[in-house]
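Novice: Got a predicted structure plus its sequence, pasted below:
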Amino acid sequence: MNIFEFSKLKLPIIQAPMAGGFNTPDLASVVANSGGVGSFGFSFTRPEKINEILSATKKLTSGFINANFFVFKPVNLPKKDVQEEAIKAIESLSLNEKYEIIIPKEPFYFDLKSQIEATLENLPSIITFHLGIPSIDIIKKIQLYGIKVGITATNITEAKSIESVGADFIVAQGIEAGGHRGIFDQESIDEKITLDNLLIKILNNVSLPIVAAGGIMEGKHIKRVINIGAKAAQLGTAFLTCPEAGTSKVHKHYLLNEQKRKTMITKAFSGRMARGINNKFIEEMNGKTIFPFPIQNLVTTKLRQVSQNKNNGEFINLWAGINFNKVRNLPAKELVKKLCEEFKAEI
Ligand SMILES: Cc1cc2nc3c(=O)[nH]c(=O)nc-3n(C[C@H](O)[C@H](O)[C@H](O)COP(=O)(O)O)c2cc1C
């Protein structure tokens, strides 16, 4: 296996892990073959499928691949009256399609150990975690294989605890980032730190290498975070419009054509804070009762599918970072080439 070092990257970028079908073997392998890191967000993927996807990817690249997982916390269904209110909130949406609202049964997420076992069979170069820290046993086991472990931090306290468990690097996620906010405890006060400030704070307090994530769309942004002291930049939204990405047609349409809209952070899709393009779902769910994470994600799956099948972007999670109006409609290879040229042109 090609042991990962930041210094081995031709362009210091990680194509972000994005759970929900956005990452594909084609996308990840093109980025890896171009000298960056290609990633998979496997949080909602069963172990057998992880195996299948990573095996397929290995046929396309021997470059650096990252497999990423959410650290889910045990959760129960809320009391009956809360469930009824949360269902009523969904039923009151102005979506004029028929769909069934199903209250899911346990387990509400896959067993992390089994997901990691399937991943280890395929020896990716990196495994990263989001929304918390996995058990030290899992971290140590991964490292025994020569695989580097990265964990997302959104503040200094989280960064320090990542260092204390022996992880290899930190993904510093600024408030600008698209998708789920990596904050460990969502009941705690979110400091909402912007990426550059977060980088400075973590660099001053922690000695692990740092990957910068949040709103990075162009070579000059990559250069900016490297100049601050990050070892690499993690870009999610920038890759969503690539033809190799699994992004739905309607999501791509909003990214490319609804650029006057703002992004919002909402719990309403999944039960956990995540940033996406503002739409009717976010507005109509504002202040309504929801199920806890990730139960709300399961409960809203059907309605999001129905909306997507009708090419209606108003009731789906249009995850995007704040700078989504800078997306480029380019194949991944050309996008990486462009980022590389822009990066090199910056002093
Ligand atoms: C569609 C989408 C899905 C995401 N899913 C994940 C995920 O599964 N795991 C993870 O660690 N981060 C996830 N993120 C967050 C990214 O890792 C990263 O923090 C973010 O994309 C950076 O901001 P940007 O989108 O402005 O580049 C996701 C982001 C997006 C846009």
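Specialist: Ah, there it is.
Novice: Surely Ser55 is within a strand?
Specialist: No - per DSSP: H, G, I helix; E, B strand; the rest coil, Ser55 lies outside any strand segment and is helix.
Novice: quick one, what contacts it?
Specialist: Asn122 (CB atoms under 8 Å, 6 or more residues apart in numbering). Using the backbone N, CA and C atoms, a C-beta is placed for each residue, glycine as well.
Novice: so what's it scoring on pLDDT?
Specialist: Among the per-residue scores, Ser55 holds a pLDDT of 98.
Novice: what's the answer for the one 4 residues further on, then?
Specialist: Turning to Lys59, the model gives it a pLDDT of 98.
Novice: give me the number of residues near it?
Specialist: The number of residues packed near Lys59 is 9, by other CB atoms under 10 Å.
Novice: How much space separates it from Cys340?
Specialist: The spacing between Lys59 and Cys340, counted by CB to CB, to the nearest Å, is 25 Å.
Novice: Around the ligand, pick out the residues from the stretch 201-347 of the chain.
Specialist: 213-216, 234-238, 319-321 (CB under 6 Å from any ligand atom).
Novice: would you say Asn68 is within a strand?
Specialist: Yes - Asn68: assigned to a strand according to three-state DSSP.
Novice: where does Phe40 land in three-state SS?
Specialist: Classified using three-state DSSP, Phe40 is strand.
Novice: Excluding chain neighbours, what is closest to it?
Specialist: Residue nearest to Phe40 in three dimensions, not counting chain neighbours: Asn23, with 4.6 Å by CB to CB, 6 or more residues apart in numbering.
Novice: In which helix or strand does the one you found reside?
Specialist: Element membership for Asn23 (DSSP states H and E) is empty, with no helix or strand holding it.
Novice: Now for it: which residues touch it?
Specialist: 15, 17, 38-41, 245-246.
Novice: Can you dump the C-alpha atoms of stretch 24-38 in CSV for me?
Specialist: What follows is stretch 24-38 as a C-alpha-only set of coordinates in CSV (Å, rounded to 0.1, in the frame of the first residue of the first chain):
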residue,chain,number,x,y,z
THR,A,24,-18.4,7.6,-7.0
PRO,A,25,-15.4,5.4,-8.0
ASP,A,26,-15.1,7.5,-11.1
LEU,A,27,-14.9,10.8,-9.2
ALA,A,28,-12.6,9.6,-6.5
SER,A,29,-10.2,7.8,-8.9
VAL,A,30,-9.8,10.8,-11.2
VAL,A,31,-8.9,13.0,-8.2
ALA,A,32,-6.5,10.3,-6.8
ASN,A,33,-4.9,9.8,-10.3
SER,A,34,-4.5,13.6,-10.6
GLY,A,35,-2.4,13.6,-7.4
GLY,A,36,-5.0,14.6,-4.8
VAL,A,37,-7.0,12.4,-2.4
GLY,A,38,-10.3,10.9,-3.6
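Novice: per-residue pLDDT, the closest residue to Ala153 other than its chain neighbours?
Specialist: Excluding the flanking residues, the one nearest Ala153 by CB to CB, 6+ apart is Ala159, at 4.0 Å. Predicted confidence (pLDDT) for Ala159: 98.
Novice: Report the separation between the two terminal residues of stretch 31-46.
Specialist: 24 Å (CA to CA, to the nearest Å).
Novice: I should have written stretch 169-188 there, sorry.
Specialist: So stretch 169-188: terminal residues 23 Å apart, CA to CA.
Novice: Check which residues of that stretch are buried.
Specialist: 169-184, 186 (16 or more other CB atoms under 10 Å).
Novice: So what does the residue in the stretch 51-200 of the chain that the ligand sits nearest to have for phi and psi?
Specialist: Going by CB to the nearest ligand atom, the ligand is nearest to Gly179 of the stretch 51-200 of the chain, at 2.4 Å. Dihedral pair for Gly179: phi 80, psi -160, per degrees, to the nearest 10.
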